[in-house]
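**Q** Kindly generate the corresponding structure for this input.
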Amino acid sequence: MPGKAVIISAPSGAGKTTIVKHLLGIRELKLAFSVSACTRPMREGEVSGRDYHFMSVNQFKVLIEEDAFLEWEEVYKNSYYGTLKREVDRIWKMNFHVLFDVDVVGGVNLKSKFGRDALAVFVMPPSLEVLKKRLELRGTEPEDKIRNRINKASLELKYAGKFDVTLVNDDLSATLKRAEQLAADFLNNTPG
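**A** This next block holds a predicted model:
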């Protein structure tokens, strides 16, 4: 493979996007964000092509048929997420490493594709109760969707052992420093 990949995965609300944004801000790491494709509605402030490649379910299914994805899944009914092969190629052509912000199953799938060329980090919330509070504070989803996310998170926590490293995000500052060190060590081929 032409480059390396850093995969950040977590249950929704555990802090993976915050960690990804922090890592992207460290120029020495030479990381570029892989924009995932999804069929969910765009949230306020999001931009297609920057946050996600937003598309219809039909568009997504056509890309599945065309084998355009490294990995994809139907996270909820008619709610698809996936990693486009062209995104990874685009980043490697720029001589950067790929940084993924993906759900837990996507992270496991990507790790299996990249093998030792990827560092897979599982971000663990301190507890499901803390996770629920974080999701409620976001104010982006109704109570029933939050309940679905918590139920899904309780299942996703069982995947932590399939990742190279588990980071418990109970102190954001310490978590960001640890993520930065893990990425630097991996990208510089230093044992973590």
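**Q** Just list the residues touching residue 81, thanks.
**A** Residues touching residue 81, when contacts are defined by CB atoms under 8 Å, 6 or more residues apart in numbering, comprise 36, 37, 38, 39, 40, 72, 73, 75, 102, 103, 106. Quick note: C-beta positions are derived from backbone N, CA and C, even for glycine.
**Q** What is the neighbour count of the third one?
**A** Spelled out, it's residue 38. Other residues within reach of residue 38 by the criterion other CB atoms under 10 Å amount to 20.
**Q** give me phi/psi at it?
**A** Here is the backbone geometry of residue 38 (degrees, to the nearest 10): phi -150, psi 160.
**Q** And the contacts of residue 81, which two are furthest apart?
**A** Of all pairs drawn from the contacts of residue 81, the one with the largest separation by CB to CB is 39 and 102; the distance is 15.1 Å.
**Q** Which of these two has more residues huddled nearby?
**A** Neighbours of residue 39 and residue 102, each counted by other CB under 10 Å, are more numerous for residue 102; the result is 24 against 21.
**Q** Any buried residues in the helix or strand bottoming out on mean pLDDT in the chain, and which?
**A** Sorting the helices and strands of the chain by mean pLDDT, DSSP states H and E puts helix 128-138 at the bottom, at a mean of 84. Going by neighbour count (16 or more other CB atoms under 10 Å), the buried part of helix 128-138 is 131, 132, 134, 135.
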